[in-house]
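Asker: Okay, here's the prediction I keep looking at, along with the sequence it came from:
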Amino acid sequence: MKITNTCEQIKNTFHNGFDLSRWRTYAAGISDELPSKCENDAKDYDFEKSVLPTLNAALHDDKIDFVNSNFQAVINTLNEHLCTLFETEPDIHIVLYLGLCNGAGWATSLNGKNTVLLGIEKIIELNWGDERNMRALILHEVGHLWHKMHGKLYLPDFTKRRKGIQQLYQEGVAMVCEHILCGDDDFFHQDKDGWLQWCYANENELKREYLRRLDSKESIQDFFGDWCSYKGHSDTGYFLGSRFVRHLMKTHSLQEIANLSYRTLNKEFSYFANITIEPLSPADYPKCAN
């Protein structure tokens with residue numbers, strides 16, 4: 001496992017604020033593939049309105065130092081957690097960097113190596129820089145890489161419905177991996193202001209609405225991304241995905257789930273979405289982790 005922490009470079013390179021030309025040089029120093037990878041991913045963003053303010057807001061020494069300190073603490077104990085899912089230390093590269101609002105975490109590859117990119121600007125924006133949330137974020141992205149290494153992360157023949165099933169499946173497997181690695185089946189770093197309790201209380205509605213949108217070929221974007229929401233709650237797809245994978249785990253191992261076909265996943269989700277689950281009573285709700 002390789003670790004790259006660019007916090008000091010960020011502070012030295014952008015002490016006068018963000019500059020795209022300097023960023024390209026900085027990013028190329030991490031990997032020659034990184035500048036174009038990030039810019040292609042962010043090409044549909046309104047840079048001046050949506051990206052630049054987030055970048056400049058993150059470029060304060062105290063914010064960067066806070067994330068840096070907790071990142072180091074997590075990395076120092078990371079192998080203790082990974083051994084619960086990986087038989088040997090995984091061959092992955094973890095990079096703490098300044099992106100272009102490409103995401104707080106991004107499981108991808110750079111120069112042919114499985115890589116976790118941690119965007120410090122989004123981590124700061126989302127207030128995920130403390131040690132607990134930082135650990136969960138890293139373990140979630142490592143969960144995606146576990147899926148890639150041990151199964152089928154991507155479904156073939158991409159259509160709108162397959163995209164919706166794939167995203168729920170991918171995030172569900174990663175969430176369950178994160179829970180295994182964290183040792184807490186109810187930890188979601190999205191859980192603030194009653195988020196998890198609301199998800200449990202509305203689980204039946206969430207899964208049926210997701211299926212309805214799949215059937216009617218409507219967008220499922222409301223369920224994913226901090227900039228989107230369903231009934232005022234962002235990222236409910238992470239909860240729903242984890243519940244779907246937990247449903248699959250009643251009859252399959254996680255290794256088997258990582259290799260399921262689209263046909264099976266599509267059939268199983270339709271079945272799962274039509275099961276009425278008795279909502280938890282308020283006394284049984286998981287306590288907010290944050």
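Answerer: Ah, there it is.
Asker: excluding its backbone neighbours, what's nearest Asn68?
Answerer: Excluding the flanking residues, the one nearest Asn68 by Cβ to Cβ, 6 or more residues apart in numbering is Cys7, at 4.0 Å. (Glycine included, C-beta is placed from N, CA and C.)
Asker: And the pLDDT at that neighbour?
Answerer: Cys7 is assigned 97 on the pLDDT scale.
Asker: how about the CA coordinates for stretch 157-173, as PDB?
Answerer: This file holds the C-alpha atoms of stretch 157-173, laid out as PDB (Å, rounded to 0.1, in the frame of the first residue of the first chain):
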ATOM      1  CA  ASP A 157     -24.300  -2.900 -21.600                       C
ATOM      2  CA  PHE A 158     -24.900   0.400 -20.000                       C
ATOM      3  CA  THR A 159     -28.500   1.600 -20.100                       C
ATOM      4  CA  LYS A 160     -30.400   4.100 -17.800                       C
ATOM      5  CA  ARG A 161     -31.900   1.200 -15.700                       C
ATOM      6  CA  ARG A 162     -28.600  -0.600 -15.500                       C
ATOM      7  CA  LYS A 163     -27.000   2.700 -14.300                       C
ATOM      8  CA  GLY A 164     -29.500   3.000 -11.600                       C
ATOM      9  CA  ILE A 165     -29.100  -0.600 -10.500                       C
ATOM     10  CA  GLN A 166     -25.300  -0.400 -10.700                       C
ATOM     11  CA  GLN A 167     -25.000   2.700  -8.600                       C
ATOM     12  CA  LEU A 168     -27.200   1.300  -5.900                       C
ATOM     13  CA  TYR A 169     -25.300  -2.000  -6.000                       C
ATOM     14  CA  GLN A 170     -21.800  -0.300  -6.000                       C
ATOM     15  CA  GLU A 171     -22.600   2.000  -3.100                       C
ATOM     16  CA  GLY A 172     -24.400  -0.800  -1.200                       C
ATOM     17  CA  VAL A 173     -21.400  -3.200  -1.400                       C
END
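Asker: who touches the spatially closest residue to Ser50 that is not a sequence neighbour in this structure?
Answerer: Nearest residue to Ser50, sequence neighbours excluded (Cβ to Cβ, 6+ apart): Cys101, at 6.8 Å. Contacts for Cys101 (Cβ atoms under 8 Å, 6 or more residues apart in numbering) come out as 42, 45, 50-51, 54-55, 119, 121-122.
Asker: for Cys101, helix, strand, or coil?
Answerer: Under the three-state scheme (DSSP: H, G, I helix; E, B strand; the rest coil), Cys101 adopts coil.
Asker: any idea of the pLDDT on it?
Answerer: 96.
Asker: related to what we said a few turns ago, make CSV out of the contacts of Cys101 and add neighbour count, secondary structure and distance to Ala258.
Answerer: Listed next are these as CSV, based on neighbours: other Cβ atoms under 10 Å; DSSP: H, G, I helix; E, B strand; the rest coil; distance: Cβ to Cβ, whole Å:
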residue, neighbour count, secondary structure, distance to Ala258
Ala42, 17, coil, 29
Tyr45, 14, coil, 32
Ser50, 12, helix, 34
Val51, 19, helix, 34
Thr54, 18, helix, 34
Leu55, 25, helix, 35
Gly119, 25, strand, 26
Glu121, 27, helix, 31
Lys122, 23, helix, 27
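Asker: Understood, closing this out.
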